[in-house]
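# From the sequence below, what's the structure:
(chains A and B)
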Amino acid sequence: MNETRPVPKAGSVPVEQVGSRAALIWLLLPLAVLVLAVAWLVTANPLSRFDNGAPPIENLTFERTILSEGRVDLLVRAGGSEPMTIAQVQVDGAYWQFVQEPAAPLRRGDTAWIRLSYPWVLGEAHAVQIVTNTGATFVHEIAVAVPTPVANVATFWSQMLLGAFVGIVPVAIGLMFYPALRGIGRGGMNFLLAMTVGLLVFLMIDAGGEAFELAGEAAAIFQGRVMVVLAACAAFLMLMAAGRRGGTPSGLTLATLIALGIGLHNLGEGLAIGAAFASGAAGLGTFLVLGFTIHNITEGIGIAAPILKVRPALWVFAALALLAGGPAVLGLWIGSLAYAPQWSALALAIGAGAILQVVVEVTSYLMKADGRGVVALSSWPVLSGLAFGVAFMYATAMLVKI
Amino acid sequence: MFEISDWLRTRLSRRMVLGAGLAAAGGSAVAAVGSAQEVAQPGYAGGKPHQGIAGSSHQSSHGSSHGAMMTVGDVDEARNGFDTLKMLTEWDTGTVSRLPDGRVLRTFKIDAIDKEIEIAPGVMFPAWTYNGRVPGPALRATEGERLRIVFRNFGSHPHSIHFHGIHSARMDGVPGAGVIDPGEEFVYEFDAKPFGCHFYHCHALPLKRHIHKGLYGLFVVDPDPERRPDQAHVARSRLLGTPENDEWQEFAMVMNAFDTNFDDENEVYAVNTVAHTYMKRPIPVRRDRPVRIYLVNAVEFDPINSFHLHGNFFDYYDHGTNLTPTLRTVDTITQCQAQRGILEFSFNEHEPGLYMFHAHQSEFAELGWMSFFDVKDAVA
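Just a heads-up that it's a prediction; the model follows:
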């Protein structure tokens, strides 16, 4: 016994060392092969026989357009296989003098400002066409020329007002139903929660669709569609993990999560609206703003549903309204001043992921609060609430879709 | 409380005020043109070729408070291997020998070469060329001579030279009669007739691609004064090398265009290939001597092209095949593809200055077909 005991001990230590050393080698070997492959590709150029004389692939995305008095400034992003050179710029089919900042050829992913002095006409359409040194052309339509909002107090104030009407006011109005809803029974409660799920599902589909649409406009380098899916999944999983730390969320926690999900959606919505106004794509009417207001009132009711039996302090309601509606203001500011399609797509994708998490949590809360579990989902109040939520959102969206 | 309708009203009024502001700015821009002129002619500021001509409204119609409607930068003429200013007066007269019967035999050598050329500053075009230039050499012969054109194809596609003139079917330069493969040679031979301002181009297929890639040029046949005794003086003034012809300032101009992205629409228009070249380097003209332009339209994809002269009128000889004008005192003519003619005019009565000429399709003008004559007093 005494003699045999040290043997496995003495033997086991080298085995571990050998094992870790072997692991290290197995880790380094593939990396070394990669380095060798890269070196061979670069030095020996074995792919030269694939060089069929075709010109390099060129790609240019217009990310921002800023119109100011007598000026047009465009932010472009290159996505070519080799650095691209912008040789000339046509505006409305005429060569026009321009300045590129910075002036160097654009490598893949690089951005540059194209600055033009041009007498654009208010409310009319213009087209800018960039001609590269290979003669390839990239067109950018300015559908309706309007001056781009500039960052000043007046702009911030008017956009805040618009954001408030689109985001905060309807949520606040929805929350004001709180006292009236407090006395409702189980059926009414189930109806409200199911309605919340319905409206959230509508918002999720809406946000996802818009995210994909915007992703299509973004430079290829961002791989918009994949980015949207990944961002939505990440947002969903992270919020699920965070929300479930203290068990299945209910009450105020659940209301906060609903407000957060709606807030993220409103951020994306605000970005899109801000960008639409900045680009002149949408004219603003009272009808449109009222449409948004009515469209979003159910959001407040949805937030109020899980806290009907909690009786929180008054400031909590204000905070929830701000959390859900405030991002619309933020989105408008950012969207009209610094817009790029990929960021709006990202915000909307995160919003869609967040809303999915809230849909899951509200559903499980509904089942738990009802006490009947899955059976509750097929009850009459739940099904009618779900249908009402989706139908109401769809019908009111008709007021605002352009 | 700020009502949404109030907000909309303020927004609306701001919009209207802004519109009015723009209109006002437009007005002041018009008023400011005079002052802006001095600085706003880019690429031309270095040496103003004219002195003391205030109030010429064309000095800078391209420059205004809103910048200049012009390409940016300059074309590398040395890399191109041809200079658009020299091209105007460069005639290829070939080499001359005598046939046994005493007639003049004029031999031209033309090679088809693939070459990348700069057609607007920084914009390269993979051209097919005759003798490395677009347009090809401006050939010049005299009525009645025997012409021999030795054509070699160093390009990557079959090519030919199809002359607009009188010749046999065998010499027509169409598939089966003078379209040759890369590496081959063909000799076109025919008499120089009729006299006039003519055109040659590649007639290999597909036609559109072979023409717009750059295979075309001027082919001028001067009248023989001995054959036109009743109009000998006029004929002599057209015959290169005579003292009468020396009086004239003759320019070879080929109106052409380039489809850089191959979508069957041209991105660049010009006279003699380079967009805006004679805006940036106006063509010097002495006002005491008459001007004669040999003009042809080689533009592909667009049905017609035109030539409009500012502040002056000209006589026009369609195809140049007559010694009396087909149109008198006009300031604009149109040409379909391959149509050509001779323009004659004088600035003798004019004050010196920059006189514009351009296509009067504004689209072509704004995409590069825009030029200046720089009319000067005779320099001592």
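# Lowest-scoring secondary structure element of chain B by mean pLDDT?
helix B:4-36 (a mean of 37; mean pLDDT, DSSP states H and E).
# Determine the three-state secondary structure at the residue in the stretch 251-380 of chain B that chain A sits nearest to.
As assessed by CB to the nearest CB, chain A sits closest to B:T260 within the stretch 251-380 of chain B, at 2.6 Å. To be clear about C-beta, it is placed using only N, CA and C from the backbone, and glycine gets the same treatment. For B:T260, the assignment made with DSSP: H, G, I helix; E, B strand; the rest coil gives coil.
# can I assume it is in contact with B:K213?
No. If you go by CB atoms under 8 Å, B:T260 and B:K213 don't touch, sitting 11.4 Å apart.
# quick one: contacts for the residue in chain A positioned nearest to chain B?
Minimum separation of chain A from chain B (CB to the nearest CB) falls at A:G135, amounting to 2.6 Å. With contact set as CB atoms under 8 Å, 6 or more residues apart in numbering or on different chains, A:G135 has these partners: B:V123, B:M124, B:F125, B:F258, B:T260, B:N261, B:E267.
# Which positions within the host helix or strand of A:S344 qualify as buried?
Element membership for A:S344 (DSSP states H and E) is helix A:341-370. For helix A:341-370, the neighbour count (16 or more other CB atoms under 10 Å in any protein chain shown) marks A:341-367, A:369-370 as buried.
# Quick check: residues of chain A near chain B?
A:69-70, A:85, A:87-90, A:93-98, A:116-119, A:121-123, A:131-137, A:146-147, A:158, A:161-162, A:165, A:284-286, A:289 (CB under 8 Å from any CB of the partner chain).
# Where strands are concerned, which of those count?
Of the residues of chain A next to chain B, the ones assigned to strands by DSSP state E are A:A87, A:Q88, A:V89, A:Q90, A:A94, A:Y95, A:F98, A:L116, A:S117, A:V131, A:T132, A:T137.
# Please verify my assumption that the fifth one contacts B:E366.
The one in question is A:A94. Yes. If you go by CB under 8 Å, A:A94 and B:E366 touch, sitting 3.3 Å apart.
# so what's in contact with those two at the same time?
When contacts are counted by CB under 8 Å, 6+ apart, A:A94 and B:E366 are jointly contacted by B:M69.
# Tell me the spacing between the residue nearest the centre of chain A and B:N348.
In chain A, the centroid-proximal residue (CA atoms, centre = their mean) is A:A347; its distance is 2.0 Å. Computed as CB to CB, to the nearest Å, the A:A347 to B:N348 distance reads 71 Å.
# Doesn't B:S306 lie inside a strand?
Yes. Assessed by three-state DSSP, B:S306 belongs to a strand.
# beta partners of it?
Counting by DSSP bridges, B:S306 is bridged to B:T334.
# thinking it is in contact with B:C336, fair?
No. With contact defined as CB under 8 Å, B:S306 does not count as touching B:C336 (10.3 Å).
# Which of these two has more residues huddled nearby?
Neighbour totals were compared for B:S306 and B:C336, and B:S306 leads with 17 against 11 (other CB atoms under 10 Å in any protein chain shown).
# which residues touch that one?
Applying CB under 8 Å, 6+ apart to B:S306 gives the contacts B:T332, B:I333, B:T334, B:Q335, B:A359, B:H360, B:Q361, B:F364.
# Same question for A:A164.
A:A164 neighbours (CB under 8 Å, 6+ apart): A:G325, A:A328, A:V329.
# A:N296 too?
Contact partners of A:N296, counting by CB under 8 Å, 6+ apart, are A:V166, A:G167, A:P170, A:V171, A:G174, A:N266, A:G325.
# Any idea how many residues pack against the closest residue to the residue nearest to the centre of chain A other than its chain neighbours?
Nearest residue to A:A347, sequence neighbours excluded (CB to CB, 6 or more residues apart in numbering or on different chains): A:G268, at 4.1 Å. Using other CB under 10 Å, the number of residues around A:G268 comes to 29.
# Report the secondary structure state of A:G268.
helix.
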